[in-house]
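Chemist: A structural model of the following input is requested.
(one chain, ligands or ions: 1)
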Amino acid sequence: STKSLPPGPPGWPVIGNMLDLGGVMPHQTLYKLQLRYGPVMWLQLGSIGTLVVQSAKAAADLFKSHDLAISDRRCPDVVKVHGYNQGAISVCRYGPYWRFVRRLYASELINKQIDGMTVRRKCIDDMIRSIEEETEASRARGGLGEVIVWQSLFLMTFNLMGNLIFSKDLLGSDGKEGHHFLDAMNNIVEWAGKPNVADFLPFLKWVDPQGLRRAASKEMAQALEVVAGFMQEREKERCSEKEKIERDFLDALLESESDEKEGKISYQNIKIIIVEAFFGGTETTSSVLEWTLTELLRKPEIMRKAQGELDSVVGAKSKVEESDIDKLVYLQTIIKETLRLHPSLPLLVPRNTLEDINYMGYWIPKNTQVFVNAWAIGRDPEFWDDPLTFKPERFLDANIDYKGQIFGLIPFGSGRRMCVGMSMAHRVLHLAVASLLHYFDWELDGNIIPETIDMNERSGMAVRKLVPLKAIPRRRRMER
Ligand code: HEM
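Modeler: Modelled structure (predicted):
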C-alpha cells in the first residue's frame with residue numbers, strides 16, 4: 001500500500017487528466033472533484049504527476065511532515081522568459097539564492113516599520129481622497145455618487161509598492177512609465193493565466209504552439225525596461241552629490257549587487273525582483289479589500305457592527321492609526337473571514353517535490369507538482385461549521401489566525417515558502433478596511449438587492465470579483 005498513488009479520475013492517453021482541471025477556475029473544479037475522490041487526489045496532467053490536497057487535516061499532514069520535501073516550486077513555461085524563474089523568489093528553486101533574497105526582502109521591504117508606516121499612511125489617505133473625488137465626479141455628472149471601488153483600492157496598493165521600492169507614486173498625474181509598466185504586467189498575467197499545453201507536454205515546448213511564450217516574453221521585456229529606466233535614474237542620483245534622505249528597496253538591492261560578503265544579485269535579477277514585488281503585493285491585497293467590502297454590503301448589519309467598534313476605539317479621531325488595529329477585534333474577524341472564503345491565490349503557488357515522500361499512506365514520487373487548495377480548505381466541512389456562510393463571529397472565541405500553523409485557514413500558505421509579504425498585507429488590509437469604514441457609510445444603488453450581488457470570480461494576478469463592485473460612499477467624518 002505504501003507504493004500506491006492517491007485516487008483520482010481516470011485519464012486519457014497522452015493528455016491524462018488535463019480536461020479534468022476545468023477552465024479558468026481550477027480551484028473550483030478540484031473542490032467539486034473531491035466529492036468523488038476525497039481530499040487527497042492524484043491527477044496526471046500530461047507528463048506532470050500532480051498531488052492535490054484539499055482538507056485541513058491533509059494540509060496539516062503535508063506541511064508538518066514534509067515541508068522541506070515540498071519547498072521547491074513548479075514553474076509554468078511562460079514564466080521562464082528572460083530568466084524570470086531564476087530571479088524571482090516566488091518561483092525560483094529552493095536553495096541559497098532564494099534564502100538570501102527572501103531575507104533581504106523581509107528586512108528591507110516588508111518589515112521596515114518606520115518608513116513603511118509613513119508610506120502606508122500616505123497611500124491610505126490618497127485612497128480616501130481618490131474615492132471622494134470619484135464620487136464627486138459621479139454626482140457632477142448627475143449620478144448617485146457611485147464609484148467602482150476596485151480602481152481606488154488597486155491604485156493604493158500599486159502606489160504603496162512604488163513608494164516602498166522607488167520612493168514615488170507610479171500611477172498619478174505624471175506617471176507615464178507607471179502606466180506602461182502596469183499594461184505590461186496585466187498582459188503578462190493574461191498570458192500566464194492561459195492553460196499552456198507546452199507545460200504538460202514538454203515535447204511541444206520549443207514549438208510554443210499557442211504563442212504564449214513569445215507574447216509573454218515581449219511584455220516581460222517591456223516591464224523590465226521600465227524598471228531599468230528607474231534604476232539608471234537612481235544610479236545617477238547615487239553618483240551625484242545630492243543627498244538622499246530615505247533609503248528604499250531599490251537602494252538596498254543596488255547595494256546588495258556589490259555586496260561580496262553576503263552574496264550577489266545580478267542587475268537582471270534586481271529588475272526581476274522588483275517586477276515580482278508588484279505582482280506579489282498589489283492585486284493580492286486589493287482583491288481581498290474588494291471582497292471584504294462586497295461581503296459587508298451583502299450583510300449591512302456586520303458593517304454597522306464594525307463601525308460601532310470603530311466609533312468606540314477610534315472615536316472622534318480623524319484618522320485610524322496602526323496602533324488601533326490590535327483593539328479592533330471584530331474588524332480582525334472580518335478580515336479572517338474574507339480570507340477564508342476569498343484567498344487571493346486559491347492554489348497557493350504550486351510546489352514541487354524534491355524527493356519521494358510517503359504521505360498519508362500514499363507514495364508520492366520526486367518531481368510531483370503539488371496543489372494545496374486553500375479555497376477548498378476554507379470550505380472544509382470537517383473544520384468549519386456552516387462553511388459557506390460569511391460569519392465573522394465564528395472567530396471571536398476561536399484561537400485561529402492565518403500565520404500558517406492552523407491548517408484550516410492558510411490564505412498565505414504555510415512552511416518555508418509561505419508568503420513573505422504576510423505581515424505587510426496584514427497591516428495594509430486592517431488599516432485600509434478600518435479607514436474605509438471610518439470615513440464612509442457604504443450603500444448600494446437602491447435598485448440592487450444585497451443578496452443578489454454577483455459573487456463570480458475572475459483570475460488575474462489574484463482571484464478577484466468578475467464584476468467589479470460599485471457602491472456609494474457617504475462621508476461619516478467631516479475632517480481628515
Ligand atoms: C492579501 C495579500 C496576500 C496574499 C493572500 C498572499 C498570498 C501568498 C501565497 C498563498 C503565497 C504562496 C505560499 C506558499 O506556497 O505556501 C505567497 C507567496 C509570496 N508572496 Fe504573497 N500574498 C499577499 C501579499 C503579498 C505581499 C504584500 C507581498 C510583497 C510585497 C507578497 C510577496 C510574496 C512572495 C515574494 C512570495 C513567494 C515566497 C517564496 O516562495 O518564498 N505577497 N503569497
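Chemist: Near the ligand, which residues of this protein? Just list them.
Modeler: Within the chain, the positions near the ligand by Cβ under 6 Å from any ligand atom are 89-90, 102, 277, 280-281, 284-285, 288, 343-345, 348-349, 411-414, 417-421, 424-425. C-beta here means a position set from N, CA and C on the backbone, and glycine is covered the same way.
Chemist: Which strands or helices does whichever strand or helix holds Ile165 pack on?
Modeler: Following DSSP states H and E, one finds Ile165 within helix 149-166. Under the contact criterion of 3 or more Cβ pairs under 8 Å, 6 or more residues apart in numbering; DSSP states H and E, helix 149-166 touches helix 113-140, helix 176-193, helix 249-257, helix 267-281, helix 283-298, helix 422-439.
Chemist: repeat that with 7 Å
Modeler: helix 113-140, helix 249-257, helix 267-281, helix 283-298 (3 or more Cβ pairs under 7 Å, 6 or more residues apart in numbering; DSSP states H and E).
Chemist: What ranges in the stretch 51-200 of the chain fall below the confidence cut-off?
Modeler: Of all residues in the stretch 51-200 of the chain, those with pLDDT under 70 make up the ranges 113-115, 173-175.
Chemist: Nearest to the ligand: which residue in it?
Modeler: At 3.5 Å from the ligand, Ser90 is the closest residue in the stretch 51-200 of the chain, using Cβ to the nearest ligand atom.
Chemist: isn't there a strand covering that residue?
Modeler: No. Applying DSSP: H, G, I helix; E, B strand; the rest coil, one finds Ser90 to be coil, outside a strand.
Chemist: What is the burial count for it?
Modeler: Ser90 is flanked by 21 other residues according to other Cβ atoms under 10 Å.
Chemist: That one and Gly281 touch, don't they?
Modeler: No. When contacts are counted by Cβ atoms under 7 Å, Ser90 is not listed as touching Gly281 (11.1 Å).
Chemist: ok, Ile184 - contacts?
Modeler: Let me fix one detail, which is that residue 184 is Ala and not Ile. The contact partners of Ala184, taken as Cβ atoms under 7 Å, 6 or more residues apart in numbering, are 219, 222-223.
Chemist: measure it to Gly193 for me?
Modeler: 15 Å (Cβ to Cβ, to the nearest Å).
Chemist: one step back: which residue sits closest to the residue of the stretch 51-200 of the chain closest to the ligand, ignoring its sequence neighbours?
Modeler: Val349 (5.5 Å; Cβ to Cβ, 6 or more residues apart in numbering).
Chemist: Give the helix, strand or coil label for the one you found.
Modeler: coil.
Chemist: mind listing what the residue sitting nearest the centre point of the chain touches?
Modeler: Centroid-nearest residue in the chain, with Cα atoms, centre = their mean: Thr284, separated by 2.8 Å. Thr284 sits next to 344-345, 425, 461-462 when contact means Cβ under 7 Å, 6+ apart.
Chemist: you'd agree the residue nearest to Ser90 is up against Cys92?
Modeler: No. Here Val349 lies out of contact with Cys92, judged by Cβ under 7 Å, at a distance of 11.1 Å.
Chemist: which of these two has more neighbours?
Modeler: Taking neighbours as other Cβ under 10 Å, Val349 and Cys92 compare with Cys92 leading, 22 against 16.
Chemist: In terms of helices and strands, where is the nearest residue to the more buried one once chain neighbours are set aside?
Modeler: In space, and not counting its chain neighbours, Cys92 is closest to Trp98: 5.2 Å by Cβ to Cβ, 6+ apart. Per DSSP H and E, Trp98 falls inside helix 96-105.
Chemist: now the angle from that helix to helix 267-281?
Modeler: With axes from the mean of the first three to the mean of the last three Cα atoms, to 10 degrees applied, the angle from helix 96-105 to helix 267-281 works out at 60 degrees.
Chemist: follow-up on the earlier one: tell me the most packed of the contacts of Ala184, by neighbour count.
Modeler: In terms of neighbour count, Ala223 stands highest of the contacts of Ala184 at 25 neighbours, by other Cβ under 10 Å.
Chemist: is it true that that one touches Val275?
Modeler: Yes. With contact defined as Cβ under 7 Å, Ala223 reaches Val275; the gap is 5.2 Å.
Chemist: how close does the nearest residue to Pro343 once chain neighbours are set aside get to Glu136?
Modeler: Among residues not flanking Pro343 along the chain, Pro411 sits closest, at 3.8 Å (Cβ to Cβ, 6+ apart). Computed as Cβ to Cβ, the Pro411 to Glu136 distance reads 35 Å.
Chemist: Compare those two and say which is more crowded by neighbours.
Modeler: Neighbours per residue (other Cβ under 10 Å) separate Pro411 from Glu136, with Pro411 holding more: 27 against 12.
Chemist: Give me the secondary structure label for that one.
Modeler: Assignment for Pro411 (three-state DSSP): coil.
Chemist: who's in contact with it?
Modeler: 339, 343, 374, 402 are the contacts of Pro411 under Cβ under 7 Å, 6+ apart.
Chemist: hmm, try it at 8 Å
Modeler: Taking Cβ atoms under 8 Å, 6 or more residues apart in numbering as the definition of contact, the neighbours of Pro411 are 339-340, 343-345, 374, 378, 402.
Chemist: Low-confidence ranges, the stretch 351-480 of the chain, go.
Modeler: In the stretch 351-480 of the chain (pLDDT under 70), the answer is 477-480.
Chemist: quick one, helices of it?
Modeler: Remark: helices assigned in the stretch 351-480 of the chain by DSSP state H, counting those that start in this stretch are 374-377, 422-439.
Chemist: Pipe the ones you listed into CSV and attach mean neighbour count per row.
Modeler: Shown next, in CSV, are those (neighbours: other Cβ atoms under 10 Å):
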stretch, mean neighbour count
helix 374-377, 28
helix 422-439, 22
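Chemist: export these to a markdown table and tack on distance to Leu35?
Modeler: As requested, the helices of the stretch 351-480 of the chain are exported to a markdown table (distance: least, Cβ to Cβ, whole Å):
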| stretch | distance to Leu35 |
| --- | --- |
| helix 374-377 | 11 |
| helix 422-439 | 31 |
